[in-house]
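Novice: Using only what follows, build the 3D model:
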Amino acid sequence: MIQPCYIIAEAGVNHNGSFELACKLIDEAKKAKADAVKFQTFKTEKILTQSAFMADYQKTNTGSDISQFEMVKRLEFSFEKFKALKAYAEGAGIAFLSTPDDEESLDFLSDTLDLPLIKIGSGEITNLPFLRKIANKQKPIILSTGMSTLGEVERSVRVIQSCNSKKLVLLHCTTNYPCPPEEVNLRAMLTLKQAFSLDVGYSDHTLGSEISIAAVALGAKFIEKHLTLNHNLSGPDHAASMEPQQFSEMTRQIRATERALGNGIKWPNPSEEIIKSSVRRRVVAASNLPAGHQLTISDLCFKRSNKGIFVEHLDQILGMITTCDLKADNPIEYWFLTNTD
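Specialist: Down below sits the predicted model:
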């Protein structure tokens with residue numbers, strides 16, 4: 001049986017610096033039947049210089065021209081707030097995750113909050129010292145691979161696996177918000193699976209659910225999708241995020257896709273067995289046939305009927321002798337026939 005895909009509602013920084021909004025995102029993730037809700041944990045001073053400029057998509061989505069440092073600082077939560085968010089998520093009955101963006105945040109999430117796994121963002125895939133520190137926590141890891149080449153992914157995988165034997169999952173990703181379909185290159189997810197023999201998934205920044213559904217159909221074991229209360233809110237990721245009702249519908253579609261994938265065995269379903277008997281062709285007399293007549297192919301035709309011999313057994317009855325008169329369009333049964341000898 002196909003294993004369920006793990007669906008992560010990426011709340012990220014869509015809380016806009018509001019604890020109340022973050023709690024609402026947790027509630028909506030639970031209502032949408034996501035498996036986990038994920039945030040981002042960072043100390044702004046440790047990940048950005050004061051002069052770092054915003055990416056073009058950040059300028060567009062925020063409608064602001066402030067520095068990246070100023071924007072990110074406004075979205076920073078204290079560790080105490082993350083403790084409270086984790087407790088809130090546990091009370092809501094949904095797994096709590098967060099991506100560490102610096103070493104202090106890593107220690108806090110892994111050691112203090114004891115999160116069950118560590119999710120690494122695409123921006124860290126070449127940050128090998130940080131990857132080593134993450135790997136040394138000896139926890140399962142999900143690694144996003146946006147903006148990377150296969151060689152860069154290979155180097156990261158090698159570094160992680162050299163000091164961590166826990167489960168490693170690779171997420172294909174295009175780091176563009178929102179990402180147009182022509183930039184998705186979803187087959188690259190299969191390349192990752194083939195190259196590293198690891199479970200793979202997809203971190204989806206496209207609009208809509210179509211690409212996530214396609215990823216699941218191709219074998220994604222994890223789907224990560226941004227969640228917002230309103231994609232018109234000001235902030236870097238809202239425009240590329242799903243509102244709650246859309247997210248809920250995507251979850252439903254993913255579960256339906258999983259059920260449709262089935263177990264891969266080609267075999268009729270019980271419902272088909274009932275229909276099969278009424279739609280498959282059976283052997284019927286093409287004209288009136290007298291008793292004692294030896295059957296030839298010209299004596300017969302093949303029609304749907306709820307009686308008679310199925311056409312796949314035709315070769316067994318050619319040359320047999322009728323034991324009674326048969327009228328045209330009469331389905332032929334075995335007991336109407338006898339062998340020549």
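Novice: Okay, buried residues for stretch 35-55 please.
Specialist: Using 16 or more other C-beta atoms under 10 Å as the burial criterion, the residues of stretch 35-55 that qualify are 35-44, 47-48, 54. Where you see a C-beta, it was placed from the backbone N, CA and C, and this is true even at glycine.
Novice: And those, which is closest to L170?
Specialist: L170 lies nearest to K38 out of those, by C-beta to C-beta, at 16.6 Å.
Novice: The closest one: what secondary structure?
Specialist: strand (DSSP: H, G, I helix; E, B strand; the rest coil).
Novice: And it, how far from G17?
Specialist: Per C-beta to C-beta, to the nearest Å, K38 is found 17 Å from G17.
Novice: Over to S105: give its phi and psi.
Specialist: Phi and psi for S105, reported as degrees, to the nearest 10, are phi -70, psi -40.
Novice: Run a quick check on it versus F42, I expect a contact.
Specialist: Yes. Counting by C-beta atoms under 8 Å, F42 is a contact partner of S105 at 5.6 Å.
Novice: how about stretch 16-29: buried residues?
Specialist: Here stretch 16-29 shows A22, C23, L25, I26, D27, E28, A29 as buried, counting by 16+ other C-beta under 10 Å.
Novice: ok, now stretch 286-294?
Specialist: Those would be L289, H293, for stretch 286-294 by 16+ other C-beta under 10 Å.
Novice: Please state the offset of it from the chain centre?
Specialist: 60 Å (C-alpha atoms, centre = their mean, to the nearest Å).
Novice: End to end on it, go ahead and measure it.
Specialist: When the termini of stretch 286-294 are compared using C-alpha to C-alpha, to the nearest Å, they are 14 Å apart.
Novice: Next: stretch 95-113.
Specialist: Note: stretch 95-113 ends 12 Å apart using C-alpha to C-alpha.
Novice: Work out the gap between it and the centre of the chain.
Specialist: 25 Å.
Novice: Check what contacts that stretch and list those residues.
Specialist: Contacts to stretch 95-113, defined as C-beta atoms under 8 Å, 6 or more residues apart in numbering, come from residues 8, 26, 35-43, 46-47, 79, 82-83, 85-86, 89-90, 115-121, 123-124, 130, 133-134, 137, 139.
Novice: can I see the domain layout of this protein?
Specialist: The record, using automatic domain parsing to delimit domains, assigns the chain the ranges 6-261, 270-338.
Novice: What mean pLDDT does the first one get?
Specialist: This points to domain 6-261. In this model, domain 6-261 has a mean pLDDT of 95.
Novice: The shortest one now?
Specialist: With pLDDT averaged residue by residue, domain 270-338 scores 96.
Novice: who's sitting farthest from the centroid in this structure?
Specialist: Computed with C-alpha atoms, centre = their mean, the residue of the chain farthest from its C-alpha average is G292, at 64.0 Å.
Novice: can I assume that residue is in contact with T322?
Specialist: Yes. The criterion here is C-beta under 8 Å, and G292 meets it with T322 at 6.5 Å.
Novice: how about the nearest residue to the residue farthest from the centre of the chain once chain neighbours are set aside, what does it touch?
Specialist: Nearest residue to G292, sequence neighbours excluded (C-beta to C-beta, 6 or more residues apart in numbering): I321, at 6.1 Å. The contact partners of I321, taken as C-beta under 8 Å, 6+ apart, are G292, H293, Q294, L295, L337, T338, N339, T340.
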